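Enquirer: Here is my input, please return the structure:
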Amino acid sequence: MHKGILFQIMSLMLFLAFLTLLHSISPVRSEGNLLVVSNDELADFQTIQEAVNAAASGDQIYVKAGIYFEHVMVNKTVFLIGENPSNTVIDGSNNGDAVTVTADNVSMTQLTLQNGYCGVTATEAHGMICTNNVVKNNIFGIYLRQCSTISFADNLIEHNQHGIWFVHLRQCYMRRNNFMSNSFNFEPEVIDIDYYALEEYVHDIDMSNSVDGKPIYYIVNEQDIEVPSNAGFVAIVNSSQIVAENLNLRNNAMGVFLVNTNDSLIRNVRVGDSENAGIALTHSERNLILNNVIDNCSWGIVPWEWTVDNTISNNTLRGNDFFGVVLHGSECIRNRVSDNFFVDNSFGVHLGGDCYYNIVERNLLENNTIGLSTDLNRENTFRENTVVGSDRGFYLYYTQDNCIYRNNFINNREQVFVQEFAKDSWDNGYEGNYWSDYIGVDADSDGIGDSSYTIDASNNDRYPLMGVFNPFCAGTWSNVTYYVDIISNSTISGFTFNVCDKMVSFNVTGSSSSAGFCRVTVPDALLSGPYKVWIGTTQSEPITISNGTCNSFYFTYNHSIQNVTIRGTEAIPELAANMALSFILLTMSIFIFSKKMISREFRSRPCHEKQR
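Expert: Have a look, this model is predicted:
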């Protein structure tokens with residue numbers, strides 16, 4: 001027995017013992033025998049599998065330098081020790097796993113695991129320790145399923161299709177692992193639609209681990225912190241008030257993953273080429289997902305199972321294989337998907353089973369295979385979206401009581417496709433949707449078609465719009481955002497709301513000499529009347545419709561380049577000030593009146609009562 005070999009083994013044993021003590025991992029160890037594997041024909045073991053088969057629990061198997069074309073099955077508690085990872089290689093020959101672990105408390109170090117379906121795979125194996133290995137050129141570098149108390153340190157995982165993938169894993173400890181040039185570097189626990197346990201997301205993975213040279217931030221049980229801008233992967237678990245912004249994340253299972261995390265902000269993050277989702281969240285509430293760009297992922301943004309009151313707004317989702325945004329699962333409720341841009345995805349927005357009370361509004365969906373989609377759910381709202389150039393504008397399957405209105409369905413090959421059954425509402429009681437293939441007329445000049453738009457026997461838009469619906473943001477006051485809505489067959493541009501001038505202004509253009517119309521709806525709380533409407537320099541006499549909170553003005557014109565202005569008498573700051581003044585005056589009046597009543601009552605009392 002060579003002293004050098006014994007020294008390496010003793011050093012390794014000390015290191016592993018320290019690692020075990022440090023991280024509360026308690027594998028079964030014994031003073032086992034040493035078995036040596038070598039390509040030498042005179043060696044006791046010429047294959048690693050022979051040594052494993054001959055080993056007893058607790059034995060050390062020392063593998064001398066060489067290439068071993070094997071599929072090693074480790075079904076005993078052994079130490080598997082290579083001479084040096086640069087020249088001690090287990091090669092799976094591209095037709096199986098290099099190493100499969102099924103026993104508890106197995107250790108592997110100083111090996112290269114290559115050319116397998118998996119470099120190393122473990123199922124229901126606990127207490128495994130892997131240190132100082134090279135894992136390369138496999139389909140899955142490391143694949144772990146239903147394991148626990150796993151430690152990985154100082155490994156290089158490179159040029160695999162999947163760097164590391166773990167499913168139903170508990171208590172994973174990782175330090176100084178480097179994931180380089182894998183198609184998908186880091187793939188922790190994916191969302192399981194049938195099972196959830198927070199413990200499977202709680203791991204000790206610090207920023208010493210990296211993907212393509214950028215640190216992994218796996219945040220657990222934290223609050224009020226900001227993710228550094230050099231992140232390569234971000235997971236936020238059981239935390240609150242975390243900020244992740246201005247990041248560029250690529251080539252992982254997900255870019256950002258939120259689990260049981262609330263009141264956090266994900267903003268200005270670019271995620272590309274992810275195996276699963278750009279941004280995923282589960283069992284999380286009141287998070288803001290804003291101004292992100294997700295492209296070339298399988299799924300874009302995914303709130304899944306027990307996600308409540310999250311806002312997904314002003315994001316760009318481009319070229320994702322399946323969904324731009326998908327909400328799915330039990331208690332996926334009261335989320336808002338607004339003001340996003342979807343282009344060239346298979347599905348733009350999809351609301352899946354048991355998903356209700358969500359709002360999808362003011363999104364632009366262009367050239368997706370299916371623009372909007374919903375199945376097996378109820379009582380969601382789809383409004384003010386524009387769906388253009390899709391194979392199917394809206395797909396519905398077994399839905400009911402969804403409210404769908406003020407959307408624009410423009411030049412989709414099939415505007416709506418209902419499979420099996422759907423019974424939803426296609427208007428809000430007075431306004432429906434714009435359909436580019438609607439052929440009805442508007443004889444009463446209110447911007448609403450006089451006949452319904454038929455989808456199928458159970459679904460009709462009773463109030464189809466005669467022009468495209470355009471919601472324009474006028475501004476935000478006291479945390480309330482106000483919109484001016486314009487239905488028109490003209491192109492609308494240059495919208496402004498001038499508080500000082502008490503005026504809404506915009507331009508209309510269209511084919512020369514053709515007739516144009518606008519139906520403009522202005523909230524009373526934004527601009528109060530009486531009103532005057534001007535088209536260019538000519539004052540118009542519009543048809544005015546009021547519902548108590550808004551005023552709608554319908555007017556026509558001949559197309560050219562026209563400027564439209566609507567002037568009121570009071571704008572919102574004045575209205576707010578006048579309301580405040582009225583409140584003050586009312587309060588003072590009540591106070592003065594009450595004081596007078598008290599004084600009058602005092603004067604009316606007998607003298608002996610006044611002296612008490």
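Enquirer: so residue 251 touches residue 211, yeah?
Expert: Yes - taking CB atoms under 8 Å as the definition, residue 251 is a contact partner of residue 211 at 7.2 Å. Heads up, the C-betas are built off the backbone N, CA and C, glycines and all.
Enquirer: Same drill for these two, tell me which one is more crowded.
Expert: Residue environment comparison for residue 251 versus residue 211 gives the larger neighbour count to residue 211, 25 against 22, counting by other CB atoms under 10 Å.
Enquirer: Distance of the more buried one relative to residue 243?
Expert: Distance of residue 211 to residue 243, computed by CB to CB, to the nearest Å: 21 Å.
Enquirer: pLDDT below threshold where in this structure?
Expert: Under the criterion of pLDDT under 70, the regions of the chain flagged as low confidence span 1-31, 190-194, 574-612.
Enquirer: per the record, what domains does it have?
Expert: When the chain is parsed with automatic domain parsing, its domains come out as 1-182, 469-573, 577-610.
Enquirer: for the ones you listed, which one ends up most surrounded?
Expert: domain 1-182 (a mean of 19; mean count of other CB atoms under 10 Å).
Enquirer: Output the longest strand that the chain contains as CSV, restricted to C-alpha atoms.
Expert: Using DSSP state E to assign secondary structure, the strand with the most residues in the chain is strand 392-405. Provided in CSV are the C-alpha atoms of strand 392-405 (Å, rounded to 0.1, in the frame of the first residue of the first chain):
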residue,chain,number,x,y,z
ARG,A,392,-57.2,32.5,-32.5
GLY,A,393,-58.0,35.7,-30.7
PHE,A,394,-59.7,34.0,-27.7
TYR,A,395,-59.8,30.3,-26.7
LEU,A,396,-62.4,29.1,-24.1
TYR,A,397,-62.9,25.7,-22.7
TYR,A,398,-65.5,25.0,-20.0
THR,A,399,-65.7,28.5,-18.5
GLN,A,400,-68.6,30.5,-17.1
ASP,A,401,-69.3,33.9,-15.7
ASN,A,402,-66.2,35.6,-17.0
CYS,A,403,-66.7,39.2,-18.0
ILE,A,404,-65.2,40.1,-21.4
TYR,A,405,-65.7,43.7,-22.6
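Enquirer: For it, which helices and strands make contact with it?
Expert: Contact here means 3 or more CB pairs under 8 Å, 6 or more residues apart in numbering; DSSP states H and E; on that basis strand 392-405 packs against strand 370-375, strand 381-383, strand 414-425.
Enquirer: Pairing partners for the shortest one, with directions?
Expert: Think strand 381-383. With DSSP bridges as the criterion, the sheet partners recorded for strand 381-383 are strand 359-361 (parallel), strand 392-405 (parallel).
Enquirer: likewise the last one?
Expert: In the sheet containing strand 414-425, the strands it pairs with under DSSP bridges are strand 392-405 (parallel).
Enquirer: for the first one, same thing?
Expert: Paired strands of strand 370-375, with direction, are strand 347-351 (parallel), strand 392-405 (parallel) (DSSP bridges).
Enquirer: ok now it, how far from the chain's centre?
Expert: Its chain's C-alpha centre lies 17 Å from the corresponding centre of strand 370-375 when counted by CA atoms, centre = their mean, to the nearest Å.
Enquirer: contacts for it?
Expert: 342, 346-353, 355, 360, 365, 380, 382, 385, 387-388, 390-399, 402, 407, 412 (CB atoms under 8 Å, 6 or more residues apart in numbering).
Enquirer: now do the second one
Expert: Outside strand 381-383, the residues within contact range by CB under 8 Å, 6+ apart are 358-362, 372, 374, 394, 402-407, 428.
Enquirer: partners of residue 570 in the sheet?
Expert: Beta-bridge pairing for residue 570 (DSSP bridges): residue 528.
Enquirer: my guess is it meets residue 531, correct?
Expert: No - taking CB under 8 Å as the contact criterion, residue 570 and residue 531 are not neighbours in contact, 10.9 Å apart.
Enquirer: hang on, the earlier thing: quick one, which of the strands paired with strand 381-383 gets closest to residue 100.
Expert: Nearest to residue 100, of all these, is strand 392-405, at 41.5 Å by CB to CB.
Enquirer: Quick check: residue 525 vs residue 482, distance?
Expert: 7 Å.
Enquirer: anything in contact with each of those two?
Expert: Among the neighbours of residue 525, those also in contact with residue 482 (CB under 8 Å, 6+ apart) are residue 572.
Enquirer: got JSON lines for the domains of the chain, with distance to residue 309 too?
Expert: What follows is these, written out as JSON lines (distance: least, CB to CB, whole Å):
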{"stretch": "domain 1-182", "distance to residue 309": "28"}
{"stretch": "domain 469-573", "distance to residue 309": "16"}
{"stretch": "domain 577-610", "distance to residue 309": "29"}
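Enquirer: Which stretch among the ones you listed approaches residue 435 most closely?
Expert: Comparing these by CB to CB, domain 469-573 comes nearest, at 11.2 Å.
Enquirer: Okay, now the closest one: how far is its last residue from its first?
Expert: The distance separating the two terminal residues of domain 469-573, taken as CA to CA, to the nearest Å, comes to 27 Å.
Enquirer: Please apply the same query to stretch 485-492.
Expert: 11 Å.
Enquirer: can you check stretch 257-266 too?
Expert: 10 Å.
Enquirer: Tell me which of the domains of the chain sits nearest to residue 188.
Expert: Closest of the domains of the chain to residue 188 is domain 1-182, at 6.0 Å (criterion: CB to CB).
Enquirer: How far away from the center of its chain is the closest one?
Expert: In terms of CA atoms, centre = their mean, the centre of domain 1-182 is set 36 Å apart from its chain centre.
Enquirer: got the contact list for residue 272?
Expert: Residue 272 makes contact with 249, 250, 251, 278, 294, 295, 296, 297 under the criterion CB under 8 Å, 6+ apart.
Enquirer: Let's test this: what are the backbone torsions at residue 198?
Expert: With angles defined as degrees, to the nearest 10, residue 198 shows backbone torsions of phi -60, psi -30.
Enquirer: isn't it right up against residue 260?
Expert: Yes - counting by CB under 8 Å, a contact exists between residue 198 and residue 260, whose distance comes to 5.5 Å.
Enquirer: intersection of neighbour lists for the two?
Expert: Between them, residue 198 and residue 260 share the neighbouring residues 237, 238, 283, with contact defined by CB under 8 Å, 6+ apart.
Enquirer: Tell me which of the residues you listed fall in strands.
Expert: Mapping those onto strands (DSSP E) picks out residue 237.
Enquirer: just the buried members of the shared contacts of residue 198 and residue 260?
Expert: Neighbour counting by 16 or more other CB atoms under 10 Å classes 237, 238, 283 among those as buried.
Enquirer: I'd guessed the last one sits against residue 303; true?
Expert: Spelled out, it's residue 283. No - applying CB under 8 Å as the test, residue 283 and residue 303 come out as separate, 10.1 Å apart.
Enquirer: Give me the distance between residue 202 and residue 148.
Expert: Applying CB to CB, one obtains 11 Å for the distance of residue 202 from residue 148.
Enquirer: Need the overlap of contacts for the two.
Expert: With contacts defined as CB under 8 Å, 6+ apart, the residues adjacent to both residue 202 and residue 148 are 170, 171.
Enquirer: okay, now residue 340: neighbour count?
Expert: Using other CB under 10 Å as the criterion, residue 340 is surrounded by 28 other residues.
Enquirer: Return the residues in contact with it.
Expert: With contacts taken as CB under 8 Å, 6+ apart, residue 340 has the following neighbours: 312, 313, 314, 315, 316, 317, 324, 325, 363, 364.
Enquirer: how about the last one, phi and psi?
Expert: Put plainly, it is residue 364. When read as degrees, to the nearest 10, the backbone of residue 364 gives phi -110, psi 120.
Enquirer: hmm, back to that, now render the strands paired with strand 381-383 as TSV, adding distance to residue 56.
Expert: Putting the strands paired with strand 381-383 into TSV (distance: least, CB to CB, whole Å) gives the following:
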stretch	distance to residue 56
strand 359-361	62
strand 392-405	59
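Enquirer: So which of the ones you listed is nearest residue 505?
Expert: Ranking these by proximity to residue 505 (CB to CB) places strand 359-361 first, at 24.6 Å.
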